[in-house]
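Enquirer: Here is my input; please provide its structure:
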Amino acid sequence: MVVSVDITGVLEERLRRLVELGLYASVAEAVREGVRRLLSTIDLKEIALKLYTEKNATLNYICEFSGSSCTEIIDYLLEKEVLPLLGATDIKDKPLLGEQNNILIDPSAIYVLYNSRLSSFVSILREQGYMIFIPRSLKSYLEVLEARALFKKNMRSPIGIEIGTECGKTSIQEKGIIISSLERDTLIHAKSCGYVLITEDIRLRQFAEKLGLHAYSWLDLVYFYREKLEETELEELLLSLKAIPVILPYQLETLLLTGQY
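Expert: The predicted model follows:
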């Protein structure tokens, strides 16, 4: 993005003197430095909090806006007694994953995947014939989270998520929600390719459904395929999700509280 700013009078003269003295290579560089110093004095997390609580921004957007990791932002929200809207409050009927069984995951689904015990469950999905994709723009984001999960021994080996092939161009109109560039790419990819979307961001999932997409939480799939997991595996998985924290739908919360898997 290019922003033009008119600077005249004394301010212009002072900036040119700074360039003449060799402190900056150009007036533009001096202005950029001024903007950087301004931003360093602003509490971007505080503004991100307002965007999240008052402007219907998604979690990934406020992470992108504040320049913070999702873990940092989640901790900040909890510190301010704001519960991140990740997860689901209810389980949908049997997921409509289509004949191709192609799943596209967004930043929130990737974050939850690599910060929980979901990796073993995703292996089960792959055994059932599901293919899991991301848009190319999410490649670096996924690689960093995957490397961290492997380093922390949260998973034994890479999951094998693939880069989705472009299916043409489409557009979306963002009304009533503020989303990140990565989320926008994911929605466009899902819409143009007809992929089922997995997102843990409740706001984004509701918006995706308004766009006509089939959008689910990992939790819908966990509930549907829960019998594929051992009781201890399912319990550890649910506890790891609550620790993020992810909102568990009452069906899974009941299983966890009663131990009746």
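Enquirer: My guess is residue 245 contacts residue 77. True?
Expert: No. Using C-beta atoms under 8 Å, residue 245 is not in contact with residue 77; the gap is 10.0 Å. C-beta here means a position set from N, CA and C on the backbone, and glycine is covered the same way.
Enquirer: anything in contact with each of the two?
Expert: With contacts taken as C-beta atoms under 8 Å, 6 or more residues apart in numbering, the residues that reach both residue 245 and residue 77 are 83, 84.
Enquirer: For these two, work out which one has more neighbours and name it.
Expert: residue 77 (21 against 14; other C-beta atoms under 10 Å).
Enquirer: Residue 103 sits in which helix or strand?
Expert: Per DSSP states H and E: residue 103 is located in strand 102-105.
Enquirer: Ok, residue 82 next?
Expert: Secondary structure (DSSP H and E) places residue 82 outside all helices and strands.
Enquirer: show me the contacts for it.
Expert: 49, 52, 53.
Enquirer: which stretches of this protein have low pLDDT?
Expert: Within the chain, the stretches with pLDDT under 70 are 1-3, 5, 9, 39, 41, 96-100, 259-261.
Enquirer: For it, which segments are assigned as strands?
Expert: Secondary structure of the chain (DSSP state E): strands located at 102-105, 131-134, 162-163, 196-198, 215-216.
Enquirer: quick one: which of these is nearest residue 14?
Expert: Smallest distance to residue 14 across those (C-beta to C-beta): 48.1 Å, for strand 131-134.
Enquirer: which outside residues touch the closest one?
Expert: By C-beta under 8 Å, 6+ apart, strand 131-134 touches 100-105, 110, 122, 125-126, 142, 159-164, 186, 195.
Enquirer: Paired strands for that strand, with orientation please.
Expert: strand 102-105 (parallel), strand 162-163 (parallel) (DSSP bridges).
Enquirer: Could I get the buried residue list for stretch 86-95?
Expert: Residues of stretch 86-95 classed as buried by neighbour count (16 or more other C-beta atoms under 10 Å): 86, 87, 88, 91, 92, 95.
Enquirer: Over to stretch 234-245?
Expert: So stretch 234-245, judged by 16+ other C-beta under 10 Å, has buried residues 234, 235, 237, 238, 240, 241, 242, 244.
Enquirer: Was I right to think the second one contacts residue 256?
Expert: Yes. Under the criterion of C-beta under 8 Å, residue 235 lies in contact with residue 256, with a separation of 6.8 Å.
Enquirer: ok, back up a step: who wins on neighbours among the contacts of residue 82?
Expert: residue 52 (24 neighbours).
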